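Enquirer: Below is the structure, and that's it, no one-letter string:
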């Protein structure tokens, strides 16, 4: 966990087409999946085990509109290999779609 630091962030922007979601709105599960992608591929990255997550949705995400998901480390517990992160997703205008927190176990990466 030596490479991880409080305040460290990772961001992902994705647009879901209406043909992908079958509706004018993006399902909450797909929005949450953006965080899962970030946690497993960027921060903390490979070897991360997702322990729990809580999300509060403020508005529905519209299909065809870019969504930007961000994860930010807010607490490190190296003795247990645990990382607490704040998670936020906004639309193209910066309006909050959802926010919450995640707890992951970050194993040492080779």
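Expert: Received, thanks. Everything numeric in this text was worked out from a predicted model, so none of it was measured. Residues are numbered from 1 along each chain as shown.
Enquirer: Averaged pLDDT, stretch 53-71. What do you get?
Expert: Stretch 53-71 carries an average pLDDT of 97.
Enquirer: Could you tell me how far residue 65 is located from residue 13?
Expert: 11 Å (Cβ to Cβ, to the nearest Å). C-betas here are computed from N, CA, C, even on glycine.
Enquirer: same thing with residue 47?
Expert: From residue 47 to residue 13 the distance is 24 Å (Cβ to Cβ).
Enquirer: Please point out which parts of the helix or strand bottoming out on mean pLDDT in the chain sit buried.
Expert: Lowest by mean pLDDT, DSSP states H and E among the helices and strands of the chain is helix 18-21, with a mean of 92. Within helix 18-21, the residues scored as buried using 16 or more other Cβ atoms under 10 Å are residue 21.
Enquirer: Distance from the chain centre to that helix, please.
Expert: Distance of helix 18-21 from the chain centroid (Cα atoms, centre = their mean, to the nearest Å) equals 21 Å.
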